[in-house]
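Student: how would this look folded up:
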Amino acid sequence: MDFPIEAVRAEFLALRPDRVYFDAPGGTQICEAAVARMVEHLHAGTANAGGAFITSVETDAVSETAHQAMADLLGGKPDEIAFGQNMTSLTFAVSRALAREWSEGDELICTRLDHDANVSPWLHAARDKGMTVRWLDFDPETGRWKLDELVGLIGPRTRLVALGMASNALGTINPVAEAVKIIRAHSDALIFVDAVQSVPHIATDVVALGADFLACSPYKFFGPHQGVLWARAETVERVEAYRVRPAGNHGAHRFETGTPSFEGQAAVLGTIEYLEWLGTQLDPMANSRRAKLVAAMQGCVHYEQDLGDRLLAGLAGIPGLRLWGPSTMEGRVPTFSFTIEGHHPDAIAAHLAEHGIFAWSGSFYAIEVTARLGVDPTGGLLRVGLCHYNTAEEVDRLIAALAEL
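Tutor: Prediction:
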């Protein structure tokens with residue numbers, strides 16, 4: 001069936017005719033189902049976990065259901081899910097815990113294409129332990145990993161490889177599953193995946209992926225400001241997390257330090273219920289939550305591909321514009337970064353803002369990317385990021401505004 005764009009947009013009350021939200025890679029708008037779930041939880045009466053009284057019992061039920069919903073979205077199990085303040089905080093928590101077992105002379109592998117949230121936690125661990133960091137490079141012309149170099153980076157003392165599913169700067173979808181197979185064939189190193197930029201756009205299957213850890217951010221996929229960590233059951237049981245002594249130590253929950261935002265978890269549940277609704281619209285035959293969520297993401301892929309094709313065609317007609325990263329929608333999410341000769345990225349962003357178009361300029365915390373591209377001295381990049389609530393008309397407005405420069 002056709003993508004139900006009008007029904008989708010009706011689920012996001014922040015969407016307005018005078019605003020074009022092309023800032024999705026930095027955070028999407030929140031769906032009404034998430035807001036409703038958060039308000040419902042707070043209005044009904046919240047409490048801490050583990051009590052015999054009704055508000056605590058209901059809070060436990062919301063939290064348990066949210067963990068199950070996130071597990072369904074990622075293809076894992078509820079005990080493998082941990083909620084946290086954000087992806088960055090969770091990654092630092094994991095890096096600190098894993099580093100307990102690392103020692104001087106051990107090695108880590110990071111990539112030049114990652115957001116710094118999947119780089120700095122490992123750099124800090126390496127510095128503290130006297131470890132060596134090796135780097136998987138990417139081709140500045142294509143925005144794609146030099147995957148053939150990965151084998152040469154792996155050694156007998158490689159302890160962890162940090163990979164990103166999709167670039168927040170260039171939009172590249174990286175061949176993580178292929179990289180995981182290469183790593184498994186040559187090492188027993190752990191594998192940590194940043195899926196912040198992929199989860200809003202493509203279906204995720206942690207079992208098929210084969211990594212040990214995967215992190216994402218609900219506020220990047222239409223939910224509240226939360227972070228989510230998936231940790232493989234057999235892996236996480238060997239990890240001693242930093243936590244207070246009375247706290248639980250079961251599965252990934254060992255990384256849920258302190259009292260969590262139960263209202264945030266309720267909103268995540270609402271977000272996934274929204275995606276489940278979308279999957280039902282696109283595939284009425286889907287007969288489980290997981291099947292509906294996969295259908296929703298597959299529908300988003302097709303719809304966003306059409307939007308992306310339209311945007312790429314329009315960008316090609318802007319004088320002096322250089323697109324960085326993949327030149328087509330093949331192997332990318334709808335995140336596009338470019339420079340325009342004679343125009344500072346900040347000035348372009350300000351010009352777009354005057355037209356009610358919201359986009360980011362700079363490095364977007366992908367400092368290895370902009371350094372590798374050599375664009376830091378000229379202000380970095382201008383980034384436009386679409387998602388499934390955007391429209392073709394909004395794409396046309398962007399192109400018209402850029403043509404005025």
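Student: which helix of the protein spans the most residues?
Tutor: helix 289-315 (DSSP state H).
Student: quick check: mean pLDDT across it?
Tutor: The average pLDDT for helix 289-315 rounds to 98.
Student: Please point out which parts of it sit buried.
Tutor: 289-297, 299-301, 303-304, 307-308, 311-312, 314-315 (16 or more other CB atoms under 10 Å). C-beta here means a position set from N, CA and C on the backbone, and glycine is covered the same way.
Student: same thing with stretch 326-337?
Tutor: 326, 329, 331, 332, 333, 334, 335, 336, 337.
Student: Grab the nearest non-local neighbour of the first one.
Tutor: Residue nearest to residue 326 in three dimensions, not counting chain neighbours: residue 332, with 4.4 Å by CB to CB, 6 or more residues apart in numbering.
Student: do the fifth one as well
Tutor: Leaving aside its sequence neighbours, residue 333 sits nearest to residue 201 (CB to CB, 6+ apart; 4.3 Å).
Student: Show the contacting residues for the one you found.
Tutor: 166, 297, 300, 301, 304, 333, 334, 387 (CB atoms under 8 Å, 6 or more residues apart in numbering).
Student: Identify, from those residues, the entry nearest to residue 402.
Tutor: residue 334 (16.4 Å; CB to CB).
Student: Count the neighbours of the nearest residue to residue 387 once chain neighbours are set aside for me.
Tutor: In this structure, residue 387 finds its nearest non-sequential neighbour in residue 24, 4.2 Å apart by CB to CB, 6+ apart. Residue 24 is flanked by 27 other residues according to other CB atoms under 10 Å.
Student: Could I get the contacts of residue 201 in TSV, plus columns for distance to residue 128?
Tutor: Listed next are these as TSV, based on distance: CB to CB, whole Å:
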residue	distance to residue 128
166	29
297	38
300	40
301	40
304	41
333	34
334	38
387	38
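Student: The residue nearest to residue 387 and residue 307: what is the separation?
Tutor: 11 Å (CB to CB, to the nearest Å).
Student: And for residue 356?
Tutor: Taken as CB to CB, the span from residue 356 to residue 307 is 18 Å.
Student: cool, residue 262 as well?
Tutor: On the measure of CB to CB, residue 262 and residue 307 end up 36 Å apart.
Student: same check, this time on residue 343
Tutor: Distance from residue 343 to residue 307, by CB to CB: 24 Å.
Student: Distance check, residue 43 against residue 264.
Tutor: Taken as CB to CB, the span from residue 43 to residue 264 is 15 Å.
Student: and the two? which has more neighbours close in?
Tutor: Ranked by neighbour count (other CB under 10 Å), residue 43 and residue 264 place residue 264 first, with 23 against 8.
Student: now the strands: where do they sit in the stretch 251-400 of the chain?
Tutor: With DSSP state E, counting those that start in this stretch as the criterion, the stretch 251-400 of the chain has strands at 321-324, 335-340, 357-358, 360-362, 381-385.
Student: Name every strand pairing with the first one and say which way it goes.
Tutor: Spelled out, that is strand 321-324. Using DSSP bridges, the strands paired with strand 321-324 are strand 335-340 (antiparallel).
Student: so what's the residue most central in space within the chain up against?
Tutor: Taking CA atoms, centre = their mean, the centroid of the chain lies closest to residue 196, which sits 0.9 Å from it. By CB under 8 Å, 6+ apart, residue 196 lies in contact with 87, 115, 117, 168, 215, 216, 217, 220.
Student: What of residue 4?
Tutor: Contacts of residue 4 (CB under 8 Å, 6+ apart): 278, 281, 282.
Student: In three-state terms, how would residue 94 be classified?
Tutor: helix (DSSP: H, G, I helix; E, B strand; the rest coil).
Student: So it is in contact with residue 213, correct?
Tutor: Yes - between residue 94 and residue 213 there is a contact under CB atoms under 8 Å: 6.0 Å.
Student: shared neighbours of these two, anything?
Tutor: 192, 229, 231.
Student: ok, how many other residues are close to the last one?
Tutor: In this case it means residue 231. With other CB under 10 Å as criterion, residue 231 counts 29.
Student: Give me the distance between residue 176 and residue 302.
Tutor: To residue 302, residue 176 is 22 Å away according to CB to CB.
Student: For stretch 86-97, buried residues please.
Tutor: By neighbour count on 16+ other CB under 10 Å, the buried set for stretch 86-97 is 86, 87, 88, 89, 90, 91, 92, 93, 94, 95, 97.
Student: Looks to me like the fifth one is in a strand.
Tutor: If I follow you right, that is residue 90. No - Residue 90: not assigned to a strand; according to three-state DSSP it is helix.
Student: For it, which residues are in contact?
Tutor: 82, 84, 215, 227, 228, 229, 255.
Student: and if we set it to 10 Å?
Tutor: Residues in contact with residue 90, defined by CB atoms under 10 Å, 6 or more residues apart in numbering, are 82-84, 117, 121, 213, 215-217, 226-229, 231, 252, 255-257.
Student: Equivalent analysis for the second one, please.
Tutor: With contacts defined as CB under 10 Å, 6+ apart, the neighbours of residue 87 are 115, 117-118, 194-196, 215-220, 226-229.
Student: So, low pLDDT: which residues of the stretch 301-405 of the chain?
Tutor: Scanning the stretch 301-405 of the chain for pLDDT under 70 picks out nothing.
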